[in-house]
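Trainee: Attaching a predicted model along with its sequence, questions to come.
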Amino acid sequence: MSDAELVLRSTRVITPEGTRAASVTVSAGKITAVLPYDADVPSAARLEDLGDDVLLPGLVDTHVHVNDPGRTEWEGFWTATRAAAAGGITTLVDMPLNSLPPTTTVDHLRTKRRVAADKAHVDVGFWGGALPDNVKDLRPLHDAGVFGFKAFLSPSGVDEFPHLDQEQLARSLAEIAGFDGLLIVHAEDPHHLDAAPQHGGPRYADFLASRPRDAEDTAVASLLAQAKRLHARVHVLHLSSGDALPLIAAARAEGVRVTVETCPHYLTLTAEEVPDGASEFKCCPPIREAANQDLLWQALADGTIDCVVTDHSPSTADLKTDDFATAWGGISGLQLSLAAVWTEARRRGHGLEDVVRWMSTRTAALVGLAEKGAIEAGRDADFAVLAPDETFTVDPAALQHRNRVTAYAGKTLYGVVKSTWLRGERIVADGGFTEPKGRLLTRTP
């Protein structure tokens, strides 16, 4: 401990071995030891006594649409990463679409990195995109350090990022499997969507009927079949249909290399509570019924669903019209994700150790960030300090998102983030921010 520069002490530190009173020592941005609570503090080290507030590993959000460059009026690296830091997220991975250009070539990745370089308040990595015509670009993007490749099986909502049909999916997946990369997939079947009733208008029930569960279930089944045939690694994005869970469990039992995520809005919001015309609740796939939500929580508990990420997908307020058919589909959740999930998790009997596993440990493992996701020696000194029993009422004006449209407005949530630390430096405390200190991350070979 003699070389420690910083010691963070708390009666509740969440470690891989469980929650305990501890003193966490930090040097050169790394955790050097997790020691007994009353360990001596070297005279050269600064002690931060956190009392009974909980010390968590910084969250890792692997599904974020920053939209920068090109649609920076929707969001941007400065605002998105401030919102992330305010919510205890210390690492995010940016999706390849909704920015212009999309991250589908090495040149486009370089553009993205240049834009992000001096604006990131937290560490940032990047996904590449798999399009019908860019199979030749996948290996170069992998070699340039993207963490994997995003694909849609139904229209994405933006013309510059078209979806893959089954033949195109097979070609892209075979290429990615050739270098053992990861394909992450928006799984909704376009034929089932086309066959569903499309009424438009303000009724949420009509929108929900237009994105039926069987569209997800069919797309997941076809993805699993392709992954099995090619022995490829695949990840199901933002799962909302509980009916797909038995398919996933069965595929895993057969050796298919599949991981699955869901999102805070599917775990905490229900179709029954969405007012007509309230398109701040619109996302694709949609928020479904309470009984379906119960299945998602059960799957988190038993491990069928691996992790929880935001799918932060903002837009300008004018695109959130009261017509669910034409309004932009996306939930803004970066700043509120930890509190939202913790609020519902505690109600259902889960602990903060579970939340850390779903939102930090497993998300870091998904993208191979071995230095993130846990409080143990050798990891980055990334932390969130949480007062888990304190509550706050969501005020959109207090959010750091560029567009403060939120489905959580007016909700009372448990879990106040008191401070956020990145590699041993406090980057957020009591609502104040440092200058950007985030780094741009690349996949570790």
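Mentor: That came through fine. Since the structure is predicted, the reported quantities are computational estimates derived from the model, not experimental observations. Numbering: from 1, shown residues only.

Trainee: End to end on stretch 96-111, go ahead and measure it.
Mentor: 12 Å (CA to CA, to the nearest Å).

Trainee: residues of it that come out buried?
Mentor: Of all the residues in stretch 96-111, those buried under the rule 16 or more other CB atoms under 10 Å are 96-99, 101-106, 108-109, 111. Every residue, glycine included, has its C-beta placed from N, CA and C.

Trainee: for the residues you listed, which one is nearest Ser241?
Mentor: Of all the buried residues of stretch 96-111, Leu97 has the smallest distance to Ser241: 22.1 Å, by CB to CB.

Trainee: list the contacts for Ser419?
Mentor: Phe383, Ala384, Val385, Arg426, Val428, Ala429, Asp430 (CB atoms under 8 Å, 6 or more residues apart in numbering).

Trainee: what's the answer for Ala244, then?
Mentor: Contacts of Ala244 by CB under 8 Å, 6+ apart are Ala187, Arg213, Glu216, Asp217, Val220, Ala221, Val236.

Trainee: Confirm that Gly378 sits in a strand.
Mentor: No. Gly378: not assigned to a strand; according to DSSP: H, G, I helix; E, B strand; the rest coil it is coil.

Trainee: that older thread, dump the contacts of Ala244 into JSON lines; add secondary structure, neighbour count and pLDDT as well.
Mentor: Shown next, in JSON lines, are these (DSSP: H, G, I helix; E, B strand; the rest coil; neighbours: other CB atoms under 10 Å; pLDDT from 0 to 100):
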{"residue": "Ala187", "secondary structure": "coil", "neighbour count": "28", "pLDDT": "98"}
{"residue": "Arg213", "secondary structure": "helix", "neighbour count": "20", "pLDDT": "97"}
{"residue": "Glu216", "secondary structure": "helix", "neighbour count": "28", "pLDDT": "98"}
{"residue": "Asp217", "secondary structure": "helix", "neighbour count": "21", "pLDDT": "98"}
{"residue": "Val220", "secondary structure": "helix", "neighbour count": "27", "pLDDT": "98"}
{"residue": "Ala221", "secondary structure": "helix", "neighbour count": "17", "pLDDT": "98"}
{"residue": "Val236", "secondary structure": "strand", "neighbour count": "24", "pLDDT": "98"}
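
Trainee: With respect to Asp61, which of the residues you listed is nearest?
Mentor: Checking the contacts of Ala244 one by one against Asp61 (CB to CB), the nearest turns out to be Val236, at 16.8 Å.

Trainee: Give the bridge partners for the closest one, please.
Mentor: Counting by DSSP bridges, Val236 forms beta bridges with Val185, Val260.

Trainee: re earlier: so which of the buried residues of stretch 96-111 are in helices?
Mentor: Val106, His108, Leu109, Thr111 (DSSP state H).

Trainee: List just the nearest of the residues you listed to Ala33.
Mentor: Leu109 (37.1 Å).

Trainee: what's the spacing between that closest one and His65?
Mentor: 16 Å (CB to CB, to the nearest Å).

Trainee: Thr326: what secondary structure?
Mentor: If you use three-state DSSP, then Thr326 falls in the coil class.

Trainee: Now do the same for the residue lying closest to it once chain neighbours are set aside: its pLDDT.
Mentor: Counting by CB to CB, 6 or more residues apart in numbering, Thr326 lies nearest to Gly200, which is 7.1 Å off, once chain neighbours are set aside. Per-residue pLDDT puts Gly200 at 90.

Trainee: dump the residue contacts of Gly200.
Mentor: Contact partners of Gly200, counting by CB under 8 Å, 6+ apart, are Asp206, Asp323, Phe324, Ala325, Thr326.

Trainee: Can you say which of these are buried?
Mentor: Buried, going by 16+ other CB under 10 Å: Asp206, Phe324, out of these.

Trainee: Which member of the contacts of Gly200 is positioned nearest Arg362?
Mentor: Phe324 (32.2 Å).

Trainee: Kindly list the main-chain dihedrals of the closest one?
Mentor: Torsion angles at Phe324 (phi, psi; degrees, to the nearest 10) stand at phi -60, psi -20.

Trainee: Also Thr363?
Mentor: Torsion angles, degrees, to the nearest 10, at Thr363: phi -70, psi -40.

Trainee: Tell me how far it lies from Thr420.
Mentor: Thr363 is 16 Å from Thr420, by CB to CB.

Trainee: same check, this time on Lys372
Mentor: 14 Å.

Trainee: same check, this time on Leu230
Mentor: According to CB to CB, Leu230 and Thr420 sit 40 Å apart.

Trainee: what's the answer for Pro101, then?
Mentor: From Pro101 to Thr420 the distance is 31 Å (CB to CB).

Trainee: Could you pull up the contacting residues of the residue nearest to Ala144 when sequence neighbours are not counted?
Mentor: Leaving out its chain neighbours, the residue that sits closest to Ala144 by CB to CB, 6+ apart is Val106, at 5.0 Å. Contacts for Val106 were tallied using CB under 8 Å, 6+ apart; they are Asp137, Pro140, Leu141, Ala144.

Trainee: likewise Gly333?
Mentor: Gly333 neighbours (CB under 8 Å, 6+ apart): Cys263, Pro264, His265, Thr310, Asp311, His312, Ala340, Thr406, Tyr408.

Trainee: and if you look at Ser313?
Mentor: Neighbours of Ser313 in contact, by CB under 8 Å, 6+ apart: His65, Asn98, Cys283, Gly329, Gly330, Ile331, Ser332.

Trainee: ok, back up a step: of the contacts of Ala244, which is the nearest to Val158?
Mentor: Ala187 (17.9 Å).

Trainee: wait, what's in contact with the closest one?
Mentor: Leu153, Glu216, Ala219, Val220, Leu223, Val236, Leu237, Leu239, Ala244.

Trainee: Could you double-check that the second one sits in contact with Val185?
Mentor: No. Counting by CB atoms under 8 Å, Glu216 does not reach Val185; the two are 10.9 Å apart.

Trainee: For the residue positioned nearest the centre of the chain, which non-adjacent residue is closest in space?
Mentor: With distances taken as CA atoms, centre = their mean, the residue of the chain nearest its centroid is Val309 (2.8 Å). Excluding the flanking residues, the one nearest Val309 by CB to CB, 6+ apart is His63, at 3.9 Å.
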